[in-house]
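K.L.:
Kindly generate the corresponding structure for this input.
(one chain, ligands or ions: 1)
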Amino acid sequence: MSNKEAYKRLCDEIWEHNWHYYVKNAPKISDYAFDKLFEELIKIEAEHPEWISPSSPTQRVGEMVSGGFSVEKHQIPMLSLANSYSPEEVTEFLNRIEKLLHKQNITYLTELKMDGIAISVRYEEGVLVRAVTRGNGMEGEMITSNIRTIESLPLKLRGNFPKVLEARGEVYLSKTAFETLNKQQEKSGKPLFANPRNAAGGSLKLLNPIEVAKRKLAISFYGIADISPDAPTTQYEALKLLQKLGLPIAGEFKQCHHFDEIWNFAEKVEKMRPTLPFEIDGIVIKVDELGAQKKLGVTGKNYRWAVAYKFAPERTETVIREITVQVGRTGVLTPVAELDPVLVAGSTISRATLHNEDEVMRKDIRVGDSVFIEKGGDVIPKVVEVNKAKRPKSAQPWEMPTRCPACDTPVMRSEEEVAVRCPNRTGCPAQELKRIIFFTSKSGMDIDHLGEKIVTQLVEMGFVKRLSDIYELTAEQLFQLKNFKEKAVQNILSSLEASKDVPLGRFIMALGIKYVGAETADLLAERVGDLEKVALMTEEELLELEGIGPKVAEALVTYFADHDHQDEITRLLENGVKPSVQKVVGFQDHLFRGKTFVLTGGLEHYTRDHARSLIKERGGKVTSSVSKSTDYVLAGEDPGSKYEKAQKLGVKILNEEEFLALL
Ligand code: IVH
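P.N.:
Okay, the predicted model is just below:
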């Protein structure tokens, strides 16, 4: 039988193999031999549960986190990096540093800029004690139980460890783990993640560590926030120390002494980028000496001693096999390029929107053309340009069809807009399908589990012909969906119930009335306050409301005068849908009260409309352009010029996590 010392030795032996396997990528023993050791450990622990310490290799996956994650303050704030996009901007950074330090010949450390989720991980006496997300930089969520499931992360440091170590790094998902995850999501009818970073962020928020473990997250470290005793004196030493302690650092880092060396590093990494097993979005250039870093300090929310150099979005070349035309919920026809599938920025792309006829003409895009596809951090891939050198002789200019591809009605063009529309609003099956999809989506009734794919199936099967049919779906019908068992059916039925209590603004929005977006819908809800009243208003009355113009007023009156629409609304209400005016109670003293927000970039957890109503509920205001009087800019993925303007004006920029925390 074993004794406790032998048990501890076995734990250490397994940790050692774990490190060789996951961090060094050079296993010393076969998987089979490793499994045998692990089984042995499990056996001993079953016999001696009193010996098990939280840092045993078996203790990666713990209990469910009940009631959500607790919020923890960062003892040392987690700030951000300023970005640079050109050799000139990198040079500016170097000059600035020289000037501030009154010194030349400064050593820099260059690293990969991992595209994941920032995390602070604390070890005490060599044992992992907590891990906290960046959050708003001052405080984040304690997600220790989820971090423990990351196989390359040791629960115990190697060798001569310091008494305290708080290391900072990035949790990410490898390109292959991301693809596997999205395939599973697709199979189970769940929404796909836009990119590995979103998937990593979503995974860290799961409450069940068993589920997190399945996601196969990884981690890479890039710095030390706190260490005692014996702090390193340079960033280079700090990284070497982290490696020595068994913490993984993905990719290479290098000490550089002047611009050329830095630029070589950047170019080399950029070349390697497509072949790396994980996503990066650039490199980070840091002043190497930690004392100098301290002197340089921070500016706003950024460290002054470092800068990110961001790569241009990845480009890939592929061929357009066909240009199809999609009909949207308001009848707009959109050309879509059907591509030979290619891997761009970690996901396989086989379609790309071409936006509108003008865009196709401007870029002279033809069927058969070789084109460059670009994909930034966002979901939507872009056709950037045609590789004219490869154009087949037979390629003909593309023309917008003159009839709707879904219902054959002649299309309409108007002088005022570039869009070409199918005017058959009530009889076009493509428009109806899109309206139903929009109705159930987050911007509409927000019915969980009723995503685009399922709604499409329901429509194809003839169970849903119009909006109100959604609330008349029966379990019997749902069971006929592909791969649907008890649980999936129950999920939809309860989501349907839950969605019936809906804010009036969102209900009006969900109806899909022409020209009525979130802003107008909310305005009607707030100012009129009652669905029936809204439906009975005349154009004159509507025009009296500030913010409603003649086009919208006319569209509203036309919509509500239509008998089919009246009938639809009656059926929805009879089926228990209860639009109500939002209560402001509960948010009386919210931080957002009286604050002005601007939204930019794509959000992961909410649609913009939803974010807008969350802000409004809390007494805040949303405007469309950034000025000195803007209080916050909520920046999602790929934020545009509004982000830069906010930076220039010193307006506080919130990322989605920070926004969530403030909510
Ligand atoms: S140093 C907490 N070095 O880039 C800020 N950041 O602001 C630490 N990132 O959220 C700045 N790779 O998570 C640093 N080698 C690296 C990095 C890196 C990725 C992330 C970091 C931060 C974001 C930029």
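
K.L.:
contacting residues for residue 373?
P.N.:
315-318, 339, 342, 344, 349, 352, 381-384 (CB atoms under 8 Å, 6 or more residues apart in numbering). C-betas here are computed from N, CA, C, even on glycine.

K.L.:
at 7 Å what do you get?
P.N.:
When contacts are counted by CB atoms under 7 Å, 6 or more residues apart in numbering, residue 373 is found next to 315-316, 318, 342, 344, 349, 352, 381-383.

K.L.:
Could you turn the buried ones of those into a ChimeraX selection?
P.N.:
Listed next is the ChimeraX selection for buried residues among the contacts of residue 373, using 16 or more other CB atoms under 10 Å:
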select :316,318,342,344,349,352,381,382,383
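
K.L.:
Would you tell me which residues of the chain are close to the ligand?
P.N.:
For the chain, the residues in contact with the ligand (CB under 6 Å from any ligand atom) are 78-81, 111, 113-114, 118, 134, 168, 170, 222-223, 284, 306, 308.

K.L.:
repeat that for 8 Å
P.N.:
Applying CB under 8 Å from any ligand atom, we find that the chain lies next to the ligand at 78-81, 111-119, 134, 137, 168-170, 220, 222-223, 253, 280, 283-284, 286, 302-303, 306, 308.

K.L.:
for the chain, which strand is longest?
P.N.:
strand 314-327 (DSSP state E).

K.L.:
can you pull the buried residues of that one?
P.N.:
Neighbour-count burial for strand 314-327 [16+ other CB under 10 Å]: 314, 316, 318-320, 323, 325, 327.

K.L.:
Find the closest residue to the ligand in the stretch 551-663 of the chain.
P.N.:
residue 655 (8.6 Å; CB to the nearest ligand atom).

K.L.:
Please give me every residue in contact with that residue.
P.N.:
residue 635.

K.L.:
For residue 480, what are phi and psi?
P.N.:
When read as degrees, to the nearest 10, the backbone of residue 480 gives phi -80, psi -10.

K.L.:
How about the contacts made by the residue in the stretch 401-550 of the chain that the ligand sits nearest to?
P.N.:
Taking CB to the nearest ligand atom, the ligand has its nearest neighbour within the stretch 401-550 of the chain at residue 442, 26.2 Å off. Taking CB under 7 Å, 6+ apart, we find residue 442 in contact with 607, 610.

K.L.:
On the pLDDT front, check it for me.
P.N.:
In this model, residue 442 is scored at 87, pLDDT.

K.L.:
same thing with the one 3 residues further on?
P.N.:
The pLDDT attached to residue 445 in the predicted structure is 95.

K.L.:
Isn't it up against residue 439?
P.N.:
Yes - counting by CB atoms under 7 Å, residue 445 touches residue 439, with 6.0 Å between them.

K.L.:
List the contacts of residue 559.
P.N.:
513, 565.

K.L.:
run the last query once more with 10 Å
P.N.:
Residues near residue 559 by CB atoms under 10 Å, 6 or more residues apart in numbering: 425, 508, 511-516, 535, 565-566, 569.

K.L.:
so can I have a markdown table of those showing neighbour count and secondary structure?
P.N.:
As requested, the contacts of residue 559 are exported to a markdown table (neighbours: other CB atoms under 10 Å; DSSP: H, G, I helix; E, B strand; the rest coil):
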| residue | neighbour count | secondary structure |
| --- | --- | --- |
| 425 | 19 | coil |
| 508 | 26 | helix |
| 511 | 20 | coil |
| 512 | 22 | coil |
| 513 | 20 | coil |
| 514 | 15 | coil |
| 515 | 15 | coil |
| 516 | 19 | coil |
| 535 | 17 | helix |
| 565 | 17 | helix |
| 566 | 13 | helix |
| 569 | 21 | helix |
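
K.L.:
of the residues you listed, closest to residue 159?
P.N.:
Lowest distance from residue 159 to the contacts of residue 559 (CB to CB) belongs to residue 512, with 62.8 Å.

K.L.:
Can you tell me how far the closest one is from residue 353?
P.N.:
20 Å (CB to CB, to the nearest Å).

K.L.:
How about residue 449?
P.N.:
26 Å.

K.L.:
if you count what's nearby, which of the two comes out ahead?
P.N.:
residue 449 (18 against 15; other CB atoms under 10 Å).

K.L.:
and the helix or strand hosting residue 95, what does it pack onto?
P.N.:
In this structure, residue 95 sits in helix 87-101 according to DSSP states H and E. Judged by 3 or more CB pairs under 10 Å, 6 or more residues apart in numbering; DSSP states H and E, the packing partners of helix 87-101 are strand 80-84, strand 108-114, helix 259-272, strand 280-287, helix 290-296, strand 302-310.

K.L.:
Now tabulate those in CSV and tack on mean neighbour count and mean pLDDT.
P.N.:
Converted to CSV, these look like this (neighbours: other CB atoms under 10 Å; pLDDT from 0 to 100):
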stretch, mean neighbour count, mean pLDDT
strand 80-84, 17, 92
strand 108-114, 25, 98
helix 259-272, 16, 96
strand 280-287, 24, 96
helix 290-296, 15, 96
strand 302-310, 22, 95
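
K.L.:
export those to CSV and tack on distance to residue 435?
P.N.:
Shown next, in CSV, are the helices and strands packed on helix 87-101 (distance: least, CB to CB, whole Å):
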stretch, distance to residue 435
strand 80-84, 40
strand 108-114, 41
helix 259-272, 44
strand 280-287, 37
helix 290-296, 55
strand 302-310, 39
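
K.L.:
returning to what we had before: possible to save the buried residues of strand 314-327 as CSV with distance to residue 611 and pLDDT?
P.N.:
Output for the buried residues of strand 314-327, formatted as CSV (distance: CB to CB, whole Å; pLDDT from 0 to 100):
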residue, distance to residue 611, pLDDT
314, 28, 76
316, 32, 85
318, 34, 94
319, 38, 96
320, 35, 97
323, 34, 97
325, 31, 97
327, 28, 96
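
K.L.:
which one of these is nearest the ligand?
P.N.:
Nearest member of the buried residues of strand 314-327 to the ligand, counting by CB to the nearest ligand atom, is residue 314, at 17.1 Å.

K.L.:
Show me the beta-bridge partners of the closest one.
P.N.:
Following DSSP bridges, residue 314 is listed with bridge partners residue 375.

K.L.:
in the biggest helix by length in the chain, what counts as buried?
P.N.:
The single longest helix within the chain, with elements called by DSSP state H, is helix 4-22. Neighbour-count burial for helix 4-22, counted by 16+ other CB under 10 Å, picks out 7, 10-11, 14-15, 17-19, 21-22.

K.L.:
Show the contacting residues for residue 255.
P.N.:
107-110, 234-236, 261, 288.

K.L.:
Swap in 7 Å and give it another go.
P.N.:
107, 109, 236, 288.

K.L.:
a markdown table for the residues you listed, including distance to residue 175?
P.N.:
Putting these into a markdown table (distance: CB to CB, whole Å) gives the following:
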| residue | distance to residue 175 |
| --- | --- |
| 107 | 33 |
| 109 | 26 |
| 236 | 28 |
| 288 | 30 |
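
K.L.:
Now the buried members of these.
P.N.:
So, by 16+ other CB under 10 Å, the buried ones in the contacts of residue 255 are 107, 109, 236, 288.

K.L.:
Go through these and say which is closest to residue 455.
P.N.:
Looking across those and measuring by CB to CB, the closest to residue 455 is residue 109, at 51.1 Å.

K.L.:
Wait, that closest one touches residue 249, no?
P.N.:
No - using CB under 7 Å, residue 109 is not in contact with residue 249, being 11.8 Å away.

K.L.:
Which residues are in contact with each of the two?
P.N.:
Here residue 109 and residue 249 have no joint contacts, going by CB under 7 Å, 6+ apart.
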